[in-house]
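S.K.: fold the stuff below for me.
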Amino acid sequence: MRIKLSEELELSGIIHGQMRLLEWNLSDQELLSFIEQCLDLGVTSFDHADIYGDYGCEKKFGDALKLDSSLRDKIEIITKCGIMKLSDKFPQRSIGYYDYSYEHIIQSAELSLKNLSTDHIDVFLLHRPAPFFDPAKVAKAFDDLYRSGKVKHFGVSNFSPMQFESLQSHLDQKLVTNQVEISPYNLEHFDNGNIDFFLKEGIKPMAWSPLAGGAIFDPKEEKGHRLAKTLREVAEELDQQHIDSVIYAWLLNHPAQILPIVGSGKIERINSAVQAEKIKMSLEQWYKIWVASKGHRVP
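M.R.: Got it, this is the predicted structure:
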């Protein structure tokens, strides 16, 4: 399945997340083979951030791409900037903070290009909203990156509708996405107006942590137990063996055209997400899961 984010940009309906890439302990050749397996499943979009793996995941991915440069034309690379993380690699930092200065955005994009062994980034995101933020300077950086051909499209992550609109009002390019946490366990963006905003503006959101970081599979509280029970019931109704397929289907069936980010190093887990694209969930089944998360029936 392909999802159109703009006239010039399509991503795979399932995005592969790279946050834990270094934890998979793959050689460059093994990672290359893994990327090829993803492509065989139709997963062509890969989500990065400069800080992932203590600033190491982008380079690991880029080193694998160097083994077969022809793969670059078959994939879409997403990455992010803005979080100044405490790290031994930056001993001069005394605290973590955000930096959306013109200089840092340009520098971060240039470093990502180098680490990823590519001449362009398909989608470049601001990682989190910041209390110290000058949209005019962000716009200048975006304009220069776009005109140079180094970045094709721009977006944000974890922004509210107002934050999104504020930045968009300064840009010549249309922001193509907002990457936010969405799962049956986390309904925050249904409650804060973001999902309504996505539908109004035709924005296709990316969903990070679509499986709620395992909170549904190993529930520690009543909400998790309710959801796990209901997901098992719906899985049985849909003739599905695993509840992760049902969770992905719950997201994929929503009219906002949510793109789940699957951050697993196991190809069978990615395949499970891809197979969920074929699951047609009834409206009643969708609401069963919603009600289980909320803990009360709809008004």
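
S.K.: residues contacting residue 105?
M.R.: Taking CB atoms under 8 Å, 6 or more residues apart in numbering, we find residue 105 in contact with 81, 82, 138, 141, 142, 145. For every residue, glycine as well, the C-beta is placed using N, CA and C.

S.K.: does the third one sit in a helix or strand, and which one?
M.R.: For residue 138, the element it lies in under DSSP states H and E is helix 135-147.

S.K.: my guess is residue 116 contacts residue 78, does it?
M.R.: No - if you go by CB atoms under 8 Å, residue 116 and residue 78 don't touch, sitting 10.5 Å apart.

S.K.: the two: who's more crowded?
M.R.: For residue 116 versus residue 78, neighbours defined as other CB atoms under 10 Å are more numerous around residue 78 (26 against 23).

S.K.: can you map out the strands along the chain?
M.R.: 2-4, 10-12, 15-17, 45-47, 76-81, 83-84, 97-98, 121-126, 151-157, 178-181, 206-208, 259-262 (DSSP state E).

S.K.: residue 196 is nearest to which of those?
M.R.: Proximity of the strands of the chain to residue 196 was assessed by CB to CB; the nearest stretch is strand 178-181, lying at 12.7 Å.

S.K.: looking at it, residue 247 is touching residue 214, isn't it?
M.R.: No - look at residue 247 against residue 214 with CB under 8 Å: they stay out of range, at 11.5 Å.

S.K.: more neighbours: which of the two?
M.R.: Applying other CB under 10 Å to residue 247 and residue 214 shows that residue 247 carries more neighbours, namely 27 against 12.

S.K.: residue contacts, the more buried one?
M.R.: Residue 247 touches 183, 184, 210, 211, 216, 231, 276, counting by CB under 8 Å, 6+ apart.

S.K.: for these, work out which two are farthest apart.
M.R.: 216 and 276 (14.8 Å).

S.K.: neighbour-wise, which of these two wins?
M.R.: residue 276 (26 against 23).

S.K.: for residue 261, which non-adjacent residue is spatially closest?
M.R.: Excluding the flanking residues, the one nearest residue 261 by CB to CB, 6 or more residues apart in numbering is residue 17, at 4.2 Å.

S.K.: any idea how far residue 263 is from the one you found?
M.R.: 3 Å (CB to CB, to the nearest Å).
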